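Participant: From the sequence below, what's the structure:
(one chain, ligands or ions: 2)
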Amino acid sequence: MSEYVPAIGLEVHVQLKTKSKMFCSCSTDFGAPPNTNICPVCTGQPGVLPTKNKKAIELAIRAGLVLNCKIQKYSLFARKNYFYPDLPKAYQISQYELPISKEGFLMVGDKKIRIIRAHLEEDAGKLLHYIGSTPVDGSLVDLNRCGIPLLEIVSYPDIDSPQMAFDYLKTLRRLLRYAGISDCDMEKGSLRCDCNVSVRKIGEKLGVKTEIKNMNSFKEVKDALTYEIERQTKVLKEGGKIFQETRLWNPKQGKTFAMRRKEEAHDYRYFPDPDLRPIFLSEEMISEQKKQIPELPADRKKRYTEMGLSEYQADVIIDEKELADYFEKVAENSNPCEAANIIITHLLRQINEKNIPYSQIPLNPQNLSELVNLKTDGKITPQIIKRIFPEMFEKNENPKKLLENIEVVSDEGEIKKIVMDAIQKNAQAWNDYKAGNEKASGRIIGFVMKQTEGSADPVKVKKILEELKNENFDS
Ligand code: ZN
Ligand code: MN
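Facilitator: Ligands and ions are numbered 1, 2, ... in the order given. Alright, predicted model coming up:
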């Protein structure tokens, strides 16, 4: 075991789910042609005045609440000054000394990760670099993202492994999606994550940290952290020194590279934005957001395990709110455990194979609950479910209708023949079963189902087995 331990803090930017930008009425639509969602305000023309987006402030309050933060009734916008071609004003409007919320926490499994602050700010634009593919090398700037409302959520360095960073991100994303705060879609840039990481010997104070940027997935965050922890540990073990710097993750090489020595907060010359009045929050605004919070994933998980689902099943089902809502509709009219079982084994498989969003599941919950009931009543075997499920899913078909087309062997004489054959070929299982081991019958039934491709009536198979046992039938 390494004698060095990591301390990881994450800075997560999420795009708040608003129709318009933070300080103007431009659309936040993703995928619009470059420089079409822009106006004098978000392109930083002289003489314009920003106005605050009320919806963004409401969502920031809600986020503060679900992150167990103290909501500050008085907070300020500040200018963070720096120059970059994607930032026409040469400053970003952010919050500095007085953020809208601070001092919260997020439970990741049993572990409490403290949150330093969650503050409002605006996004910058995007540079598109053309090198080697165009007659002249160069960069183009797209200002569509300028002024998109963001919430920056900063954690304490309480995370102690790359895996925990991964779990933190998953938990955070799920929470914000459930609460309708953000889509948290990394591919669309509505969630970005920077990592601060340092290593130290156990018992020592925090070491010098580096910041890693440019990860495109939670998996890359985990990989980048794993690499960076190893790199820092190696440097220190060899007597070297870690510099506070920003490093870029290169996923192709699986390495981080130094980009620039880290600037300090004072380099940005923060000062309160004179164009924007402070944010004053009333008790009503805060309690209104409290009311908007739906049942959150952790509470749902608890409720599902109380319904009898296993930890694993509950975790899978709650992962996306839309899936959990779907599950609840199925479980309204059928056994929840069996419903979860069929959803996880069959429904999710179809969804993943066909890449269908949860909001567009073709099979309605009513038809699925009928299938679940057929299963709990012993009227359908797992093999048959497997056979009919793809068609049922695609055509939103009632399972009973599909079963009509499946030849079910229900002639007792015929089943008895097959069962007796199965007993001959599974003599050990038969003797175990006769000796009182109920479970051993499963092996014989399984054999019968294999022989008949699942089309033997399971209730009759079971009945015949019992009769033969009572007759003390000999293999
Ligand atoms: Zn605008
Ligand atoms: Mn930021």
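
Participant: Residue 57 is in contact with residue 100, isn't it?
Facilitator: Yes - taking contacts as C-beta atoms under 8 Å, residue 57 lies within contact range of residue 100: 7.3 Å. Placement of C-beta: from N, CA and C, glycine included.

Participant: Flag every residue of this structure that's near ligand 1.
Facilitator: 24, 26, 39, 41, 42 (C-beta under 5 Å from the ion).

Participant: who wins for neighbours among those?
Facilitator: Neighbour count (other C-beta atoms under 10 Å) singles out residue 42 as the most crowded of the residues of the chain next to ligand 1, with 27 neighbours.

Participant: element containing that one, please.
Facilitator: Using DSSP states H and E, residue 42 sits within no helix or strand.

Participant: For it, which non-adjacent residue is closest in space?
Facilitator: residue 147 (3.6 Å; C-beta to C-beta, 6 or more residues apart in numbering).

Participant: Neighbours of the one you found, how many?
Facilitator: Residue 147 has 30 nearby residues by other C-beta under 10 Å.

Participant: looking at it, residue 217 is touching residue 185, isn't it?
Facilitator: No - the criterion here is C-beta under 8 Å, and residue 217 misses it with residue 185 at 11.4 Å.

Participant: quick one: contacts for the closest residue to ligand 1 within the stretch 151-300 of the chain?
Facilitator: Residue nearest to ligand 1 within the stretch 151-300 of the chain: residue 275 (14.4 Å; C-beta to the ion). By C-beta atoms under 8 Å, 6 or more residues apart in numbering, the contact set of residue 275 is 49, 50.

Participant: and it, which of the three is it?
Facilitator: coil (DSSP: H, G, I helix; E, B strand; the rest coil).

Participant: Just the pLDDT at it, thanks.
Facilitator: Reading off the confidence values, residue 275 has pLDDT 96.

Participant: What's the separation between it and residue 151?
Facilitator: For residue 275, the distance to residue 151 equals 21 Å [C-beta to C-beta, to the nearest Å].

Participant: just residue 45 next, same as before
Facilitator: Separation of residue 45 from residue 151 (C-beta to C-beta): 26 Å.

Participant: the more surrounded of the two?
Facilitator: residue 151 (27 against 11).

Participant: For the more buried one, give me phi and psi.
Facilitator: Dihedral pair for residue 151: phi -120, psi 130, per degrees, to the nearest 10.

Participant: I figured it was touching residue 59, is that so?
Facilitator: Yes - Residue 151 lies in contact with residue 59 (C-beta under 8 Å); the separation is 7.4 Å.

Participant: Could you name every residue contacting both of those two?
Facilitator: Contacts common to residue 151 and residue 59, judged by C-beta under 8 Å, 6+ apart, are 16, 181, 182.

Participant: Out of those, list just those in strands.
Facilitator: Among these, the subset assigned to strands under DSSP state E is empty.

Participant: Now render these as TSV, adding pLDDT and neighbour count.
Facilitator: Output for the shared contacts of residue 151 and residue 59, formatted as TSV (pLDDT from 0 to 100; neighbours: other C-beta atoms under 10 Å):
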residue	pLDDT	neighbour count
16	98	25
181	98	25
182	97	25
